[in-house]
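*Asks:* Here is my input; please provide its structure:
(chains A and B)
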2 protein chains.
Amino acid sequence: MTGFARTETAGRDRPDLSPSVAARHACRNGMATHTAGVANGFVQGNLAILPEKLAAAFHRFCQLNPKPCPIIGMSDVGDPRIPALGLDLDIRTDLPRYRIWRDGEIVEEPTDIMAHWRDDLVAFVLGCSFSFEEALLEEGLPIRHIERDVRVPMFRTNIACSPAGPFAGPMVVTMRPFKPADAIRAIQITSRFPSVHGAPVHIGLPQSIGIADLAKPDYGDPVPVEADEIPVFWACGVTPQSVIAAAKVPFAITHAPGLMLVTDLRNKALAVL
Amino acid sequence: MTGFARTETAGRDRPDLSPSVAARHACRNGMATHTAGVANGFVQGNLAILPEKLAAAFHRFCQLNPKPCPIIGMSDVGDPRIPALGLDLDIRTDLPRYRIWRDGEIVEEPTDIMAHWRDDLVAFVLGCSFSFEEALLEEGLPIRHIERDVRVPMFRTNIACSPAGPFAGPMVVTMRPFKPADAIRAIQITSRFPSVHGAPVHIGLPQSIGIADLAKPDYGDPVPVEADEIPVFWACGVTPQSVIAAAKVPFAITHAPGLMLVTDLRNKALAVL
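*Replies:* Sure, this is the predicted structure:
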């Protein structure tokens, strides 16, 4: 890692670069439009940046709600680096696109946040389902929305997150349909990955968690659940973004949906057993 | 253990005896009528005894179908002892009641098999759901049939066991209803215990495995599945008994339902992690 940690040029011409470093360099140089399928094997993360005054409450919110908000890295106050996730990582430039929030509204979606960075900001990186989906696919389990090349369907539930300061609201979940034996295997596999949402929070019976119609997700795209399948629900990293919006905090920055931070961590290294 | 391994008297007057040894002594002395709830914490097992000529095929059947037929101990040919399960254990006397099978029919249900023992018999002891039920209860998960003090409902499925020699037939499963979050937890807990049926084989959708009506089990007693619950199905130790009956082998011995072998193994020691 150290050999290319200071590299400032684009990664595409540098075969010596790790795929994750190259992905961040592509973001830094404005050449990245997505991260899905990029740098396979490396952990991608959701981003939430808050002023120090709110960061402690948000940190507590994540601590209280580890399934939707599993923290895999955070910055020091005012420091745009997170060395534990990548030695050369600069959180201000290394994602394809960001969202600037003011009073609960998105006011801008820039490709870097150099102009928005402040000395009082704290960055949180939260685990993302891409990591456990890789583990599911490697075990041969079919994932419907990937097969269909659409976004995973997401639903607001009636499961209340534990509140902390201004942060409160319902858990958002993703849904993936599986045949029953595959659903059992999916529970076993994702239980090994608590830092990227871990085991499902619900299975079957959508109405029990306040989902009226599986064909009408609140975010993402619908996918069919066949007669021989049951829906399996995982806590979703959209939860913190939804909670930040609901809290109408004066200022926050997040990633734009699906355009994540690519880290140097390996998905496989997240397995707890 | 060694101190009382040779004891031949009844266990009830011997406070120095381990509960499992005492339970076997009670069987040996004709004083035991059941094993459910006896010697809590100790592994109980299903019993199948076959002549050497059939034992290899049955052993292969168990090897091919480890979820319904997890072997936790077996005897040498003609030897009624299984020291790995209890130093003083005598498989001919240490269960409350046996079934003698001839040509697929039960011909007798004696309380010992001294008169039926032969030099060519091989005894197989198979894991039983009592062990994983203890683990579920210890984690606070409610088990409906235990709450209601009835037998667990069992169903013949359309899941074919892998055949071996004359042994073939459908898997029998037990059903326990759980709220979805508890079902996920139950999958995690029982996954730790592969030698006592392990993780469920099916969840939800009874018709997918050929179960037409959950209120009409093939063995045991029905229990209700509430609107906010889903049925969870585990492979069942009745499977080998059903397969032995269907094979119409000339001679076999099994335990009588619910009247198991109490071993000196601890349930907790079976956890693989």
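*Asks:* what sits against A:Ile71?
*Replies:* Contacts for A:Ile71 (Cβ atoms under 8 Å, 6 or more residues apart in numbering or on different chains) come out as A:59, A:62-63, A:124-127. Yep, even glycine has a C-beta here, placed from its N, CA and C like the rest.
*Asks:* Could you dump the residues you listed into CSV with neighbour count, pLDDT and secondary structure added?
*Replies:* As requested, the contacts of A:Ile71 are exported to CSV (neighbours: other Cβ atoms under 10 Å in any protein chain shown; pLDDT from 0 to 100; DSSP: H, G, I helix; E, B strand; the rest coil):
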residue, neighbour count, pLDDT, secondary structure
A:His59, 19, 97, helix
A:Cys62, 21, 97, helix
A:Gln63, 12, 95, helix
A:Phe124, 25, 98, strand
A:Val125, 28, 98, strand
A:Leu126, 27, 97, strand
A:Gly127, 28, 97, strand
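*Asks:* wait, which of these is closest to A:Cys161?
*Replies:* A:Cys62 (10.0 Å; Cβ to Cβ).
*Asks:* Skipping its backbone neighbours, what lies nearest the closest one in space?
*Replies:* With Cβ to Cβ, 6 or more residues apart in numbering or on different chains as the criterion, A:Cys62 has its nearest non-adjacent residue at 3.9 Å, and that residue is A:Cys69.
*Asks:* now A:Lys268
*Replies:* The nearest residue in space to A:Lys268 (Cβ to Cβ, 6+ apart) is A:Gly41, at 7.4 Å.
*Asks:* if we can go back for a sec, turn the contacts of A:Ile71 into JSON lines, columns for distance to A:Pro166.
*Replies:* Shown next, in JSON lines, are these (distance: Cβ to Cβ, whole Å):
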{"residue": "A:His59", "distance to A:Pro166": "13"}
{"residue": "A:Cys62", "distance to A:Pro166": "14"}
{"residue": "A:Gln63", "distance to A:Pro166": "16"}
{"residue": "A:Phe124", "distance to A:Pro166": "15"}
{"residue": "A:Val125", "distance to A:Pro166": "21"}
{"residue": "A:Leu126", "distance to A:Pro166": "18"}
{"residue": "A:Gly127", "distance to A:Pro166": "23"}
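*Asks:* hang on, the earlier thing: my guess is the residue nearest to A:Lys268 meets A:Arg266, correct?
*Replies:* Yes - with contacts defined as Cβ atoms under 8 Å, A:Gly41 counts as touching A:Arg266 at a distance of 6.0 Å.
*Asks:* any low-confidence regions in chain A?
*Replies:* Chain A contains residues with pLDDT under 70 at A:1-15.
*Asks:* repeat that with 50
*Replies:* A:1-11 (pLDDT under 50).
*Asks:* Identify the residues contacting the residue nearest to A:Lys268.
*Replies:* A:19, A:134, A:266-268.
*Asks:* which of those are buried?
*Replies:* A:134, A:267 (16 or more other Cβ atoms under 10 Å in any protein chain shown).
*Asks:* from the contacts of A:Gly41, which ones fall inside strands?
*Replies:* Mapping the contacts of A:Gly41 onto strands (DSSP state E) picks out A:Arg266.
*Asks:* what's the farthest-apart pair in the contacts of A:Gly41?
*Replies:* Farthest pair in those, by Cβ to Cβ: A:Pro19 and A:Lys268, 14.4 Å.
*Asks:* what ranges do the helices span in the stretch 51-200 of chain A?
*Replies:* A:52-64, A:129-138, A:144-147, A:180-191 (DSSP state H, counting those that start in this stretch).
*Asks:* Show me what counts as buried in the longest one.
*Replies:* When burial is assessed from 16+ other Cβ under 10 Å, helix A:52-64 yields the following buried residues: A:54-55, A:57-59, A:61-62.
*Asks:* okay, those residues in a markdown table with distance to B:Cys27 next?
*Replies:* Below are the buried residues of helix A:52-64 laid out as a markdown table (distance: Cβ to Cβ, whole Å):
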| residue | distance to B:Cys27 |
| --- | --- |
| A:Leu54 | 67 |
| A:Ala55 | 65 |
| A:Ala57 | 62 |
| A:Phe58 | 62 |
| A:His59 | 59 |
| A:Phe61 | 57 |
| A:Cys62 | 55 |
